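Asks: sharing a model prediction with you, sequence too.
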Amino acid sequence: MQTIEVATSSRTYNVHIASGLLPRVGEIARSTAGGSRAMVVSNTDVAPLYSAAVLESLSAAGYKTDIHVVESNETVKNMSELALLLEHCAEAELTRDDLVVALGGGVVGDLAGFAAATYMRGCKLVQVPTSLLAMVDSSVGGKTAVDLAHGKNLAGAFFQPRAVVASVEALDTIAPDLFADSCGEVIKYGVMSDPGLFVSLEKTPLTESRDDHERLEGVIARCVEIKRDVVSNDECERGLRQTLNLGHTIGHAVESANEYRLGHGSSVAAGMCIMARACAKRGWCDRDVAHRIEAAVAAHGLPTSTDFDADTLFRHAKADKKRHGDTMNIVAIEAIGSVSIKTLPLDEFRTLIEQGL
Ligand SMILES: NC(=O)c1ccc[n+]([C@@H]2O[C@H](COP(=O)([O-])OP(=O)(O)OC[C@H]3O[C@@H](n4cnc5c(N)ncnc54)[C@H](O)[C@@H]3O)[C@@H](O)[C@H]2O)c1
Ligand SMILES: O=C(O)C(=O)C[C@@H](O)[C@H](O)[C@H](O)COP(=O)(O)O
Ligand SMILES: [Zn+2]
């Protein structure tokens, strides 16, 4: 088992990565979070597969358990679903000492995390990620959110979990297209800060070796280490943390323009390629860098662009949280493994999108 400590200004916790960890969720929750009641939040895909093992382990660790199951798509990340979940927590008589256990992909993690952040102004949260994206990214670092009609993740909180339990064998039941979608964020980590990781993905796409649990465990651990190094320096995204948003300003625009029918990882992959082409055109990185990113994205079966035009993407991207008044902070690509934050006036940001398409 790999255990990675994440020390942020608000909380320190461990991310456990190994196969066969689901029966240990109760014991890990008991030793890190305490409490007497646990609300497991899951979805209609994941609950039938894994909730029994998790509920059993929580009961064995002395918790009175309940489960809240949502539909399995991005549209449940909304205020009404949040309200239903909060009411269920109250109905189950959870107190501040008790815990919400997010069992699922990033959608469940973000929704359950925001519920834990707001229930009684904050109870306890344990993340049990079951998608690759959730293991490498969303379960770590404390961003929780729901979407608003105006855009992605527009209501949320920074709220760190007490523990993250990534049980790698759970990835075996993911459909091929959903596994590929998650790889968008893994490629992001390589482009952002790890040329070695990027080269390994170029050589053998993760989609071609998904049965290799040893490789998966190593890749998950490496991504978590990269995220740990960022969020331990900048928990609330004042500066450095913006780099984790590589590909996201345009990616979120692609995602919401598609009404969330295109997955988050695929949208981020397209956003990263658009940004890479724009950066190459402006001379901020070599053309070869953009070509390598496009090739790695395509090799994972992910889109390198979108059919939406610059005006449509710009309209959606204006809701980004890296906007400050009439400027937008963007994550520019300088080389494989190196990015920087640049501030652009909004009209120049629109031109940049056009250059990248
Ligand atoms: N908080 C953060 O830092 C952060 C980081 C990245 C992404 N996100 C958010 O995460 C979400 C995307 O997460 P995602 O890609 O995990 O999507 P998801 O949660 O929708 O999961 C993808 C699909 O896989 C299914 N699934 C998950 N685990 C499974 C398993 N083990 N077996 C079978 N099916 C399984 C789900 O039911 C779903 O249909 C987006 O809302 C994105 O905004 C948040
Ligand atoms: O943890 C972060 O910081 C990230 O930006 C990780 C992203 O992969 C993730 O999609 C995040 O939810 C995006 O955040 P947002 O602030 O752009 O909504
Ligand atoms: Zn993301």
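Replies: Sure, I can see it. Ligands and ions are numbered 1, 2, ... in the order given.
Asks: near ligand 2, which residues of the stretch 51-200 of the chain?
Replies: For the stretch 51-200 of the chain, the residues in contact with ligand 2 (C-beta under 6 Å from any ligand atom) are 137, 141, 143, 152-153, 185. For glycine as for every other residue, the C-beta is placed from the backbone atoms N, C-alpha and C.
Asks: tell me which of the residues you listed fall in helices.
Replies: Mapping those onto helices (DSSP state H) picks out E185.
Asks: quick one: which of the residues of the stretch 51-200 of the chain next to ligand 2 is nearest A170?
Replies: Within these, the smallest distance to A170 is 15.6 Å, found for D137 (C-beta to C-beta).
Asks: around ligand 1, which positions in the protein sit nearby?
Replies: 43, 45-46, 49, 72, 74, 77, 104-108, 110, 130-131, 133-134, 137-138, 141, 143, 153, 170, 173-174, 178, 181-182, 263-265.
Asks: what about these, which are in strands?
Replies: For these, the ones inside strands are 43, 104, 143, 153, with DSSP state E as the criterion.
Asks: would you format the residues you listed as CSV with distance to R96 included?
Replies: Converted to CSV, these look like this (distance: C-beta to C-beta, whole Å):
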residue, distance to R96
N43, 26
G104, 24
K143, 22
N153, 25
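Asks: quick one: pLDDT of the closest residue in space to S59 that isn't next to it in sequence?
Replies: Distances taken as C-beta to C-beta, 6 or more residues apart in numbering place T65 nearest to S59, at 5.7 Å, with adjacent residues excluded. The predicted structure scores T65 at 98 on the pLDDT scale.
Asks: and D234, helix, strand or coil?
Replies: coil (DSSP: H, G, I helix; E, B strand; the rest coil).
Asks: doesn't G196 belong to a helix?
Replies: Yes: residue state for G196 (three-state DSSP) corresponds to a helix.
Asks: what number of residues lie near it?
Replies: Each residue near G196 was counted by other C-beta atoms under 10 Å, and the total is 11.
Asks: please report how far it lies from H213.
Replies: If you measure G196 against H213 using C-beta to C-beta, to the nearest Å, the figure is 20 Å.
Asks: quick check: which element contains the residue nearest to S59?
Replies: Element membership for T65, per DSSP states H and E: strand 64-70.
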